[in-house]
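A.B. asks: sequence and computational prediction follow.
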Amino acid sequence: MDGLFDKHILKKLRKKGEDYPLHENSRLTAEQFGVLNKFTSKWYQALKGVNSWLTQYPTYKDLFTRIKEVYTYQQKLTENEAKQYTYAHRLKGLELNQRRSWGALVCWNPIFEWECEGDKVKIKLPTDRNWKGQAFPPKFSRLGITFHVLVVNYEDETESVRLHYTKTISIHPDDEQIKSLRTTVPVQLFPNSLVAIMGTAQYYLFDTEQPQERPSFHNQHHACKLLEVFHVKDGNLLKNRDIPSVISKTPSPETDSGTDWE
């Protein structure tokens, strides 16, 4: 971006032969773009640490759009509102695998809670895990699920992302007794942190040549999604605020012109 920016300015200099008077708003916009790009790159590198084979350009583009939306609306909050509310939840829903979604592979959602005392993320798998209608591939053995917790410094784009994770848990859809499974992940916070939970699900298949199973890397056999985001500032969990909907003004269906009724 900086190279394109400099090239544009040099072009103006050649045309006018004088210093190019860059507008203050343009200067700020370029600066903001650079900050957002650094934030996106930081997130992207952390996601590559979670699943390197899934992070591609569409992921980066989607991530940048979501981060830009969060920061744009966050800046519109008043000083008092910024202590209470956040738009960070708009990051939720990012899918790393463009071929298979989390909902198509897993069919149910975990439950996440933030515990301020001790700075912990609680993760719970529900008992009503419904697999009806789910078609599993031949030689299917089990489903492995891992959760990664990314802690991002909201105020410093140069700070490295802190990564925490759970052990991989095995889910057998044909189990007759389904029990609730839970875990707690302690994290290390920044003064102003975004705490993002990525869920990775992957099929394991029996190997015909060896008496053991192996993870499948087929693009239809794994999914990775940003399932939840918490915004914790100065030890307090901020409340999610929805983006105001824009209602377009439509003309009234009533009119005094036209033909009369008898």
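C.D. replies: Happy to help now that I have it. Numbers count the residues shown, from 1 in each chain.
A.B. asks: all contacts plus neighbour counts: C-alpha atoms, from now on.
C.D. replies: OK.
A.B. asks: what about residue 108, distance to residue 126?
C.D. replies: 8 Å (CA to CA, to the nearest Å).
A.B. asks: residue ranges with poor pLDDT in the stretch 101-250 of the chain?
C.D. replies: 132-133, 176-178, 245-250 (pLDDT under 70).
A.B. asks: ok, which stretches of it are strands?
C.D. replies: 111-115, 120-125, 140-153, 162-165, 169-171, 181-186, 192-206, 213-215, 222-233, 236-237, 239-240 (DSSP state E, counting those that start in this stretch).
A.B. asks: each with direction, which strands does the longest one pair with?
C.D. replies: Pairing partners of strand 192-206, with direction, according to DSSP bridges: strand 140-153 (antiparallel), strand 213-215 (antiparallel), strand 222-233 (antiparallel).
A.B. asks: then the second one?
C.D. replies: As defined by DSSP bridges, the strand partners of strand 120-125 come to strand 111-115 (antiparallel), strand 181-186 (antiparallel).
A.B. asks: which one of these is the most hemmed in?
C.D. replies: Ranked by mean neighbour count, the strands paired with strand 120-125 are led by strand 111-115 with a mean of 15 (mean count of other CA atoms under 10 Å).
A.B. asks: got the CA positions of that strand in CSV?
C.D. replies: Output of strand 111-115 as CSV, limited to C-alpha atoms (Å, rounded to 0.1, in the frame of the first residue of the first chain):
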residue,chain,number,x,y,z
ILE,A,111,-21.3,-23.2,24.3
PHE,A,112,-18.8,-20.5,25.4
GLU,A,113,-18.7,-18.4,28.6
TRP,A,114,-16.2,-15.8,29.8
GLU,A,115,-15.2,-15.9,33.5
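A.B. asks: mind putting the strands paired with strand 120-125 into a markdown table with distance to residue 209?
C.D. replies: Shown next, in a markdown table, are these (distance: least, CA to CA, whole Å):
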| stretch | distance to residue 209 |
| --- | --- |
| strand 111-115 | 38 |
| strand 181-186 | 33 |
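A.B. asks: closest to residue 68 out of these?
C.D. replies: With CA to CA, the closest approach to residue 68 among these belongs to strand 111-115: 24.5 Å.
A.B. asks: you'd agree residue 62 is up against residue 92?
C.D. replies: No. The pair residue 62 / residue 92 is not scored as a contact, 11.3 Å apart, by CA atoms under 8 Å.
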